[in-house]
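In: the following block contains a protein sequence and its predicted model.
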Amino acid sequence: MYDQSKNTDECVIANLIRAINTYLIPYRKTLRGVEDVLTQIPLAATKGNFRKNNTTQPFPTAEILKTAVCNIRAQTLTTIRECLLSATDELIWKQDEDEYYAPESDLGNGYRANNLHALLIGPSNAKYYHPDFTLGIFLLGPFTFYRDHFHLAPELYLNLTNRTGWRFQGGEWIDYGAGSLIWNDSNNVHATRVYDEHFISIFSWTRNINSLCKVFKCEDWKKVEQELHDSQWRDKVHNTGVANV
Ligand SMILES: [Fe+2]
């Protein structure tokens with residue numbers, strides 16, 4: 001079981017897990033799935049052979065991370081932000097290059113180019129070992145559409161940044177703010193759209209983590225992507241005055 005009692009530099013990942021755990025406790029009775037996460041976290045074991053070989057994040061990973069963490073501004077998330085800052089260099093950051101999807105899945109280039117994650121607890125690439133549970137950090141770049149998808153693993157998100165669009169079962173878009181929690185039950189379809197700021201979140205898969213994700217094709221994918229592209233252009237014009245050239 002991971003050690004919550006120490007508070008040294010060597011335990012920065014444990015401190016981050018503890019901060020997440022503390023944040024979730026008030027929601028254990030009110031949001032489905034939170035109890036599952038809180039039950040599994042203490043079952044994680046310290047992994048003897050976890051070693052991060054390279055402490056320097058390759059560019060542009062470092063820049064994306066720095067920007068995303070700076071976007072965590074909510075007072076209620078201060079502890080998580082500080083612990084995340086301390087733990088960033090100790091984590092193994094990876095891009096999802098369709099490893100969670102069957103070959104030929106129509107994920108879109110936006111997602112492929114703009115995602116990043118690191119595990120705190122999991123079966124591999126994590127300091128704390130659990131064979132069938134993950135807890136980690138997940139990022140998406142600005143103006144990114146993570147297309148509708150589903151997976152057998154039930155999933156909890158804790159949104160750390162201010163405003164992100166979500167839709168469920170292909171329904172209406174709803175914006176979620178910093179500190180909000182989202183529970184995607186097993187095989188529930190969900191999609192995410194990121195506006196002008198980097199998105200960063202805590203995520204957890206509570207069981208069946210080895211099952212692949214599947215995309216759920218929606219007719220409006222191109223439209224959503226075009227709208228985000230247009231927003232990105234307007235944002236650039238607003239910030240640089242390109243329209244006046
Ligand atoms: Fe998901």
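Out: Received the coordinates, thanks.
In: please make it C-alpha for all contacts and neighbour counts, starting now.
Out: Noted.
In: could you give the number of residues near Asn109?
Out: Residues lying near Asn109 (other Cα atoms under 10 Å) number 11.
In: right, I mislabeled it, should have said Lys29
Out: Lys29 - counted by other Cα under 10 Å - has 10 other residues nearby.
In: what's near enough to touch it?
Out: Glu35 (Cα atoms under 8 Å, 6 or more residues apart in numbering).
In: from Glu35, how far out is it?
Out: Separation of Lys29 from Glu35 (Cα to Cα, to the nearest Å): 7 Å.
In: Glu197 now?
Out: Glu197 is 30 Å from Glu35, by Cα to Cα.
In: who has more neighbours, the two?
Out: Glu197 (18 against 15).
In: residues contacting the more buried one?
Out: With Cα under 8 Å, 6+ apart, Glu197 has these contacts: 68, 71, 141-143.
In: can you pick out the most distant pair from those residues?
Out: Asn71 and Phe143 (14.9 Å; Cα to Cα).
In: please identify which of the two sits among more neighbours.
Out: Neighbour count, other Cα under 10 Å: between Asn71 and Phe143, Phe143 has more, with 24 against 18.
In: helix/strand/coil for the more buried one?
Out: Following DSSP: H, G, I helix; E, B strand; the rest coil, the label given to Phe143 is coil.
In: which stretch of helix or strand covers the residue most central in space within the chain?
Out: Geometric centre of the chain, nearest residue: Phe138, 2.1 Å, by Cα atoms, centre = their mean. Take DSSP states H and E as the rule and Phe138 turns out to sit in strand 134-140.
In: look at Glu97 and give its secondary structure.
Out: coil.
In: next one: it from Asp185, what distance?
Out: From Glu97 to Asp185 the distance is 24 Å (Cα to Cα).
In: of the two, who's got more company?
Out: Asp185 (19 against 12).
In: in this structure that one contacts Glu155, no?
Out: Yes - using Cα atoms under 8 Å, Asp185 is in contact with Glu155, at 6.4 Å.
In: my read is that Ile72 contacts Arg163, right?
Out: No - using Cα under 8 Å, Ile72 makes no contact with Arg163, being 10.9 Å away.
In: quick check: neighbours shared by those two?
Out: Common neighbours of Ile72 and Arg163 (Cα under 8 Å, 6+ apart) are Ala178.
In: identify the residues contacting Lys47.
Out: By Cα under 8 Å, 6+ apart, the neighbours of Lys47 are 126-129.
In: and the next element down the chain from the strand holding Phe138?
Out: strand 145-150.
In: partner strands of that next one and their direction?
Out: strand 190-194 (antiparallel), strand 214-215 (antiparallel) (DSSP bridges).
In: all the helices of the protein, in order from the start?
Out: 12-24, 34-40, 61-70, 78-87, 109-113, 221-240 (DSSP state H).
In: nice, that's everything, thank you.
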